[in-house]
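Asks: Prediction below, plus the sequence it came from.
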Amino acid sequence: MNWRWPESTSLEEVLKVHWIGASIPRLDGWPKVRGEARYPTDLVLEEMLHAKTVRSPHPHAKILSVDTSEADGMPGVAAVLTASDIPGQNRYGALVQDAPVLAEDVVRYIGEPVALVAAVCEEAAVEAAEAVNVEYQPLRPVTSIEEALSPGAPRLHSTGNVARHTVISRGSPHSAIETSDVVVETMYRTQSQKHMFLEPEGGVAWIDEDGTINVVAGGQNPYRDKLQISRVLGLPMEKIRVVSYPAGGAFGGKDDITVQIHLALLAWKTGKPVRLVWSREESGVVGYHRHPYRMEMKTGATRDGRLTANLAKIYSDTGAYQSFGPAILDVSIEMINGPYRIPNYEIDAYLVYTDNGVASAFRGFGAPQANFAIESQLNMIAEKLGMDKLEIRAMNVLGPREPGSFGVAVETEPSIQRILERARGRLSRVGTPSRGWSRRGIGVALAMKGVGFGAIPDYPAAAIEIDPDRERVVAYFTNPDYGQGVITSCAQIVAEALQLHVDKVEVVNADTALSPDTGSSSASKSTYAAGNALLLAARNAVRRLALEAARILGVPASEVGYDAGFFSAPGSRGRVSIFDAAAEMASRGSRPRFEAAFEIPRRPEPVEGTLEVPHLVFSHALAIAEVDVDLLLAKAEAKDVHLIADVGRLINPVGARAQMEGGAIQGVGYALMEEQAYSDARTENINFTTYIVPTIADVPDVSVEFVEGEEKTGPYGAKGAGEVPFVPIAAAVADAIADATGVRPTELPMNGERLSRLLASAGLLPKRLSRLLEGA
Amino acid sequence: MRTIRKFEFLNARTIDEAVNTLAAYKGKAWPFAGGTDILRMMRFQPLPENLYPEVLINLKTISPSLEYIKEEDGILSIGALTKLVDIANNALVGERYSALANAANKVASPQIRNMATISGNICQLTHCLYFSKPDNRFHCLRKGGSECPAQLGDNRYCSIFGDVNGCVAVNTSDIAPALIALNARIKTNKRMVNAGEFWDVRVPGSTILDEDEIVVEIQVPRPPPDAKSVFMKFSIRSSIDFPIVNGAALIGDGVARIALNAVAPKPYRATKAEEVLKGKTIDETAAEEAAIAAVSEASPLSFNKWKISVAKAIVKRMVLNTKSR
């Protein structure tokens, strides 16, 4: 390890180090890489019961009866729960509570929970689960967007199969298309992608002596989970505690409820500790996934490359329930025009129910699908006009503070033009066909991703406690660190704010019993939200402790200043450390703990028909991908990905770089190989053997450069880095394939089967193959 | 929703004890080497009830150990229980039998290669997507059923050289084509067979082994000094993945042996391609002709034409790669 802690120990010297921009190692890194960290699914409690979920084998069926009598009487069985045992509301869902906690009369996807079993060991739980007798009357399933919208399709919900339909338009898009010099019309399809985190959904729950139900499970928003548990159990909020740290990966797939409510129900019913962990295969079938999309695009431009109009029809398959579907659709709507000046547009967006599991949040949250469509459109227009692909972007990109499609600027500080400037020259590295059958192509795409929830109100709160006995500062916040590094970046923010060594800062993460509600780790906003709240809390701490210091120093509070961990006043001798001031406060029975809430800036009203459009703060990234296409094998391999990104000021550059690399690699998986395969609404690839994610052998060389802008509303200028690197990858890879072969993929993933069809349909294979090879 | 099947686990002390116990259980006992394939089967349970073993017989406890690599009198002998990692890393194998070393190095993942053995790899069950579905979802021909779901269903990764008794599943062993190309022999407790014949069986079998027969040794004759052997594997992912098509070739010094796998229910010896190369100097044209010959008898299913061009490309590249040395 190259990095070393500063050797000095005196606070004054340490302060020569600034913690913002310091690539310090993860504060929770060592225990994790040593295998010492105990994840929720590692926990073993005394007299713990083991739980199993009884699941529907049908994608769509009526439940005629549920008979638990056999399972109830089996040895070792502590509880068998069905819908009728639920004391409160039998519904959950992050935005709308539409999903049954345990199905009542209908099941709408394979694996939908129908009953819960807890027993003394896992084997007994499995046997009891198999003994729960559910009688179903199978109904015709709805397996695709097209089927859901076709006349005569089974209605999955009383409102029909369209969960939401939003039309937003400006100008006269149809006539503008007609008068455009060039028009590109394309249909795009994107697939369902699984999160494939290393730790599957799971955790433990138990009841305290005072009756509090404790749930420890990997999650992304412990306070919202707690609220959902309280609704279902009919218990007051203070009787529930949720802990969501640490978690072995999430990527959005643990944002909505997974096991939390089931765990709480079983602990409440049995009075005993319970463990519920989904097997990898269970996670493969019933875990959330990214929404598959169908997008019909018609985009026009003038002869000199100015965009004139965009007609976009977006269909999103949300599966059986809404989860985050409406908000994800919002992000797609917001992204479908890109960061471009498009005077006329019509966006016609549908969120559609099917029996294909439940789609939910996934890194990018609707942006990757829309980006694949609009960036491919732009690249095609550039090709048609013989224009440089960076030039056409530079020409159409909105200027700083210039209102975009939804009335707000897409950049608060100039960054996109700077990114494009940096990219200049990099696209000309093209054309090194190494061998006859192997073609190298280079492609580009530009992306943006909103930071936070846009127009949805969000007030992250956090706390700082100054512990005089141990001379430590404890930062409390609840947006979980599931690997992205928010604990470390927030500790750096607190150290910088209080001018202390980061060694003095400890973090208590994602525990509703100990911390105010900081909201979710999602929407690229963890550092932005928690960092801002902690900054305010640190300011409160200094302001309040200055009063204590003034008393000790015997001066008026207005004269006290704070520097490098000490309070002092001009003309008074001596100084008071922040810890002594805290001790003074504590000596009078007052806890030196300081809370604050931050209001994430937003428009008071969303754009009509949406929940969260528009965002006010965006991160930006441009991806340049170099791809080798093997014409004989119809295989595309990403060899090199270069990202130029503006994610605001970097709190921890190594951490930010890791986010970029991880996003690029996951994006390559999305572009080239990952696909949840369904047949008749049944997932066929449910584990790492059959659901193919990239290994290190498939990873391209990823290089990253940052255009570091300062976001005025961000903590020390930070925005968010979690999602934006993922967003442009698929479009950039598709562009590289088009560059290499002359034909453009419009469906994801661009695997061998799709590529071979594409190459064959373009006449590239197999007849012209030899001629093509000669020409190479 | 699944725990592993229950089974008895017996440690065999000698080869005789192992095969006698196998005989006594009449098909209800399976030999157990590295266990990487068997434990997966016992957990996901793709088979019908009547086909599972009650007993697994551990061969790793056999003495003297069947884990060794040695070369004597121009014959490389590899004990049946030799781990793939040791074959992949063996300098002698890497130098003189490089197709075998490379094949061993391309099987699954490092963790699996640390456990899996060469005999387990060549005795793996011939399988397809349908055969392998958990909980015996498809009672196919190989399980005693009456239909092959792959014939009309998802046969993207199935045979391009026809069926065996109606089954279009493929053998996915990476080791098998290397052994055939290198003209290896497989020694069991009963007999010695050429590698080319080891998989020559009718459905539902995957190998010629009897119920009371185990592989004890693999013997590979040292290739002629001017011949070079290569192995190639095409899979969706570069590691931890079954082959879509793999192959091995031994070419030079009057020898031309080419084998493909994952293209048929058993490994496919590309004899037509071998004939094309006889007496020819290896160049681009010869390689192309050999590749065309190799797939000349292919008859694709509804969704796997693509595999033919992959197989062709693999043969061509293997042939060209034997040239560069």
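Replies: Alright, I've got the coordinates.

Asks: In contact with A:Gly248, which residues?
Replies: By CB atoms under 8 Å, 6 or more residues apart in numbering or on different chains, A:Gly248 lies in contact with A:39, A:41, A:197-199, A:218, A:482-483. For the C-beta atoms, the positions are set from N, CA and C on the backbone; glycine is no exception.

Asks: Which parts of the stretch 51-200 of chain B are strands?
Replies: Taking DSSP state E, counting those that start in this stretch as the test, the strands found in the stretch 51-200 of chain B are B:55-58, B:69-72, B:75-79, B:185-188, B:192-194.

Asks: nearest to A:Asn532, of those strands?
Replies: strand B:55-58 (59.2 Å; CB to CB).

Asks: quick one on the thing from earlier: in JSON lines: the strands of the stretch 51-200 of chain B, plus mean pLDDT, mean neighbour count and distance to B:His127.
Replies: Below are the strands of the stretch 51-200 of chain B laid out as JSON lines (pLDDT from 0 to 100; neighbours: other CB atoms under 10 Å in any protein chain shown; distance: least, CB to CB, whole Å):
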{"stretch": "strand B:55-58", "mean pLDDT": "98", "mean neighbour count": "19", "distance to B:His127": "19"}
{"stretch": "strand B:69-72", "mean pLDDT": "97", "mean neighbour count": "12", "distance to B:His127": "28"}
{"stretch": "strand B:75-79", "mean pLDDT": "98", "mean neighbour count": "21", "distance to B:His127": "24"}
{"stretch": "strand B:185-188", "mean pLDDT": "98", "mean neighbour count": "20", "distance to B:His127": "20"}
{"stretch": "strand B:192-194", "mean pLDDT": "98", "mean neighbour count": "14", "distance to B:His127": "22"}
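
Asks: Now render those as JSON lines, adding distance to A:Phe372.
Replies: Shown next, in JSON lines, are the strands of the stretch 51-200 of chain B (distance: least, CB to CB, whole Å):
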{"stretch": "strand B:55-58", "distance to A:Phe372": "49"}
{"stretch": "strand B:69-72", "distance to A:Phe372": "50"}
{"stretch": "strand B:75-79", "distance to A:Phe372": "49"}
{"stretch": "strand B:185-188", "distance to A:Phe372": "50"}
{"stretch": "strand B:192-194", "distance to A:Phe372": "52"}
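
Asks: give me the low-pLDDT residue ranges for the stretch 151-300 of chain B?
Replies: Counting by pLDDT under 70, the stretch 151-300 of chain B contains no low-confidence residues.

Asks: three-state assignment of the residue in it that chain A sits nearest to?
Replies: The stretch 151-300 of chain B approaches chain A most closely through B:Ser238 (3.6 Å), counting by CB to the nearest CB. Secondary structure state of B:Ser238, per DSSP: H, G, I helix; E, B strand; the rest coil, is coil.

Asks: Please name the residues that touch the nearest residue to it once chain neighbours are set aside.
Replies: Excluding the flanking residues, the one nearest B:Ser238 by CB to CB, 6 or more residues apart in numbering or on different chains is A:Ala697, at 3.6 Å. Going by CB under 8 Å, 6+ apart, A:Ala697 touches B:237-239.

Asks: Ok, A:Asn214 next?
Replies: A:205-208, A:241, A:243, A:267.

Asks: Quick check on the residues you listed: which are buried?
Replies: Among those, those classed as buried by 16 or more other CB atoms under 10 Å in any protein chain shown are A:205-207, A:241, A:243, A:267.

Asks: can you map out the helices along the stretch 1-150 of chain B?
Replies: For the stretch 1-150 of chain B, the helices defined by DSSP state H, counting those that start in this stretch cover B:15-25, B:38-44, B:84-89, B:91-96, B:98-106, B:110-115, B:118-122, B:129-132, B:149-152.

Asks: Can you give the domain ranges for chain A?
Replies: Domain assignment for chain A by automatic domain parsing gives A:11-40, A:418-449+A:617-776, A:461-597.

Asks: average pLDDT for the first one?
Replies: For domain A:11-40, the mean per-residue pLDDT is 83.

Asks: so, in contact with chain B or not, that domain?
Replies: No - for domain A:11-40, no contact with chain B is found by CB under 8 Å from any CB of the partner chain; the gap never falls below 15.5 Å.

Asks: mind checking how far that domain is from the chain centre?
Replies: How far domain A:11-40 lies from its chain's middle: 23 Å, per CA atoms, centre = their mean, to the nearest Å.

Asks: what is A:Leu49 paired to in the beta sheet?
Replies: Beta-bridge partners for A:Leu49, by DSSP bridges, are A:Val274.

Asks: Tell me which residues touch it, please.
Replies: A:Leu49 is in contact with A:78-79, A:118-120, A:125, A:266, A:270, A:272-275, counting by CB under 8 Å, 6+ apart.

Asks: Restricted to strands, list the residues you listed.
Replies: Among these, the ones falling in strands (DSSP state E) are A:78-79, A:118-119, A:274-275.

Asks: Which of the residues you listed sits closest to chain B?
Replies: If you rank the ones in strands among the contacts of A:Leu49 by distance to chain B using CB to the nearest CB, A:Ala119 comes first, at 12.3 Å.
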